[in-house]
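**Q** What would the 3D arrangement of this be:
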Amino acid sequence: MATQTSRYVPAFRGLIQDPAVVEEFDHLAAVLKGIIAGQAPGAAEAGIDTGLTIQATGLGPPGPTIPSLEPGIRWLTGPWLFGPDGNTSSGIVLRPPTITANQDNYAPLGIDTCIGLELDSDANRTITGIRIAARQRRLLTLLNRGNFSLSFPHNDTGSIAVNRFGFGASGDILTLPSGAAVWLSYDVGSEVWRTFAIPLVPFPNLPASIGGSVPTQIPTNWFGTKASGGAVTFIGIGQANPTTVSLGAAAANDNKTTGNYVQITGDGLNGRGAVDSDAVATVRLQQDPPITWELYTGPDLTACRFWIEVSSTTGSANSDTANGSVLAFRFSSVVDSANWYAVARDGVTQQTASMGAIAVSTYYKLKIRVSAGVAYFSVNGGAEISLTTNPPSSTTDLQWHVAIFGTVADTANKALSVGSAWITYGL
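**A** Predicted coordinates:
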């Protein structure tokens, strides 16, 4: 009995009239048929699944052998491209509209399928969470292409739990400056976004749990002051011991869980408590210094004024206008509406900007950093505010001061506790 042989007829036959094209398709069909007929299902991936050497086959003579490979993704060539060439956006890397307000559960169009976000904003803004469509292991790049900082706080309740960031510790904030980028990975076990590589941002802008306490520079000179324990005094590092003045109640130890503090008071009208560098000039802005104070506010913020500053004089008076050339944080119950204010003064003109609310009995880390003549201010590692038009001259010698004043003739002690003051500059 004769065996009937089935012959496969490609679907393109009868549709293509050019004999040369038909011949090419016939040849391709034969090659593909030979590969399929001669190998068991899955054999084409044998090199991936088992590590065996496989033959690269195509039109014409047999191709070269491909060496043994471990399971995983294989690139035989590159580059690895996201979207089209040139400075254009696409579905894989999004350029959402400019961010004009703080964002909760941030979900720009296309977020569920993109690999990257290129963000800009009209001011320093905070994003408390990014939408995750499902419980999926996902990578996402964030690039700040704007001119202002973007902040990403740890476990912020502004967003639902699954959209939040997990940096490891309460109060941690990742601050992404202009031009910086960061990789995020979604942790499906904890259901939070995490960083999985140290981004190219200054260390103080990182969450403290992944290195935010590391200095921004290798210091060749630094000036530091730290309240000591067991005595109402300070330890000076790199400088003479600072002076302490407290009119009204005497200065007192105020030891906290975060370290030792000294409490100073300003009692009654023009009563002044202060800690300062004892009229010793410690820095110039040409050195691009980061300047940091650690403070703790007293239980009453009425009828008082704070100046935390570097200044060309021996300190600002009990006024809302600074003395001399100044970079400062100011709080005034008279004009500041319960907010911290950043202040820059070139000796003639004063510029200010609100830094957000101040509260009683609260720890504060107040930081000023200077870069290329621009002063950047931040409170507790939050978004930076820049003052550009009236900073002191780069060649002006500056002292540091922390002062509290009473603003009315009452008998209540107005208190402020000082933990440390640091000025760093170098390489």
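**Q** Phi and psi next, for the residue nearest the centre of the chain.
**A** The residue lying closest to the centre of the chain (Cα atoms, centre = their mean) is residue 175, at 1.6 Å. Residue 175 adopts backbone torsions of phi -110, psi 120, taken as degrees, to the nearest 10.
**Q** That one against residue 144, yeah?
**A** No: between residue 175 and residue 144 there is no contact under Cβ atoms under 8 Å: 9.6 Å. C-beta coordinates here come from the backbone N, C-alpha and C atoms, glycine included.
**Q** Quick check: neighbours shared by the two?
**A** residue 150 (Cβ atoms under 8 Å, 6 or more residues apart in numbering).
**Q** OK, contacts around residue 313?
**A** Neighbours of residue 313 in contact, by Cβ under 8 Å, 6+ apart: 323-324, 399.
**Q** Identify each buried residue in the lengthiest strand in the chain, please.
**A** Taking DSSP state E as the criterion, the chain has its longest strand at strand 413-426. Buried residues in strand 413-426, counted by 16 or more other Cβ atoms under 10 Å: 413-425.
**Q** Adjacent strands (with direction) for it?
**A** Here strand 413-426 has these sheet partners by DSSP bridges: strand 219-227 (antiparallel), strand 262-267 (antiparallel), strand 290-297 (antiparallel).
**Q** Kindly format the C-alpha coordinates of that strand as PDB.
**A** The C-alpha atoms that make up strand 413-426 are tabulated as PDB, following Å, rounded to 0.1, in the frame of the first residue of the first chain:
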ATOM      1  CA  ASN A 413      11.500  82.900  79.600                       C
ATOM      2  CA  LYS A 414      11.800  82.300  75.900                       C
ATOM      3  CA  ALA A 415      14.000  79.200  75.400                       C
ATOM      4  CA  LEU A 416      16.100  77.700  72.600                       C
ATOM      5  CA  SER A 417      18.400  74.800  72.900                       C
ATOM      6  CA  VAL A 418      21.600  74.500  70.800                       C
ATOM      7  CA  GLY A 419      23.100  71.100  70.100                       C
ATOM      8  CA  SER A 420      25.800  71.800  67.500                       C
ATOM      9  CA  ALA A 421      27.000  74.000  64.700                       C
ATOM     10  CA  TRP A 422      29.200  72.800  61.800                       C
ATOM     11  CA  ILE A 423      30.900  74.500  58.900                       C
ATOM     12  CA  THR A 424      32.800  72.400  56.400                       C
ATOM     13  CA  TYR A 425      34.800  73.200  53.300                       C
ATOM     14  CA  GLY A 426      37.600  71.600  51.400                       C
END
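**Q** Report the mean confidence score over it.
**A** Mean pLDDT, strand 413-426: 84.
**Q** got it, and stretch 315-330?
**A** Averaged across stretch 315-330, the pLDDT comes to 94.
**Q** C-alpha coordinates for that stretch, CSV please?
**A** Output of stretch 315-330 as CSV, limited to C-alpha atoms (Å, rounded to 0.1, in the frame of the first residue of the first chain):
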residue,chain,number,x,y,z
GLY,A,315,25.3,89.2,65.4
SER,A,316,21.9,90.6,64.4
ALA,A,317,20.0,92.7,66.9
ASN,A,318,16.4,92.3,68.1
SER,A,319,15.0,93.3,64.7
ASP,A,320,13.5,91.6,61.7
THR,A,321,16.3,93.1,59.6
ALA,A,322,19.7,91.4,59.8
ASN,A,323,22.9,93.3,60.7
GLY,A,324,25.7,93.4,58.1
SER,A,325,26.1,90.7,55.4
VAL,A,326,24.1,87.6,56.4
LEU,A,327,22.9,84.2,55.5
ALA,A,328,20.4,83.1,58.1
PHE,A,329,17.3,81.3,59.3
ARG,A,330,14.9,83.7,61.1
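**Q** I'd like the strands paired with strand 413-426 as JSON lines, with mean pLDDT, distance to residue 96 and mean neighbour count appended.
**A** Output for those, formatted as JSON lines (pLDDT from 0 to 100; distance: least, Cβ to Cβ, whole Å; neighbours: other Cβ atoms under 10 Å):
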{"stretch": "strand 219-227", "mean pLDDT": "73", "distance to residue 96": "40", "mean neighbour count": "19"}
{"stretch": "strand 262-267", "mean pLDDT": "84", "distance to residue 96": "48", "mean neighbour count": "25"}
{"stretch": "strand 290-297", "mean pLDDT": "93", "distance to residue 96": "32", "mean neighbour count": "21"}
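**Q** Which one of those lies nearest to residue 182?
**A** Nearest of these to residue 182, taken as Cβ to Cβ: strand 290-297 at 21.0 Å.
**Q** okay, the angle between the helix or strand following that closest one and strand 262-267?
**A** Using DSSP states H and E, the next helix or strand after strand 290-297 towards the C-terminus is strand 304-311. Put simply, strand 304-311 runs at 120 degrees to strand 262-267, going by axes from the mean of the first three to the mean of the last three Cα atoms, to 10 degrees.
**Q** domains of the chain?
**A** Following automatic domain parsing, one gets these domains for the chain: 10-42, 93-210, 219-426.
**Q** Dump the strands paired with strand 413-426 to JSON lines, plus distance to residue 131.
**A** Shown next, in JSON lines, are the strands paired with strand 413-426 (distance: least, Cβ to Cβ, whole Å):
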{"stretch": "strand 219-227", "distance to residue 131": "42"}
{"stretch": "strand 262-267", "distance to residue 131": "46"}
{"stretch": "strand 290-297", "distance to residue 131": "35"}
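**Q** The stretch 301-427 of the chain: helices as residue ranges?
**A** Counting by DSSP state H, counting those that start in this stretch, the stretch 301-427 of the chain has no helices to list.
**Q** can you list the weak-confidence ranges in it?
**A** Scanning the stretch 301-427 of the chain for pLDDT under 70 picks out the ranges 411, 426-427.
**Q** mind listing the strands for it?
**A** Using DSSP state E, counting those that start in this stretch, the strands found in the stretch 301-427 of the chain span residues 304-311, 325-332, 339-346, 350-357, 363-371, 374-379, 385-387, 399-406, 413-426.
**Q** Buried residues of stretch 372-392, list them for me.
**A** So for stretch 372-392, counting by 16+ other Cβ under 10 Å, buried means 375-379, 381-387, 390-392.
**Q** Which single one of the residues you listed is nearest to residue 154?
**A** Using Cβ to Cβ, those come closest to residue 154 at residue 381, 10.8 Å.
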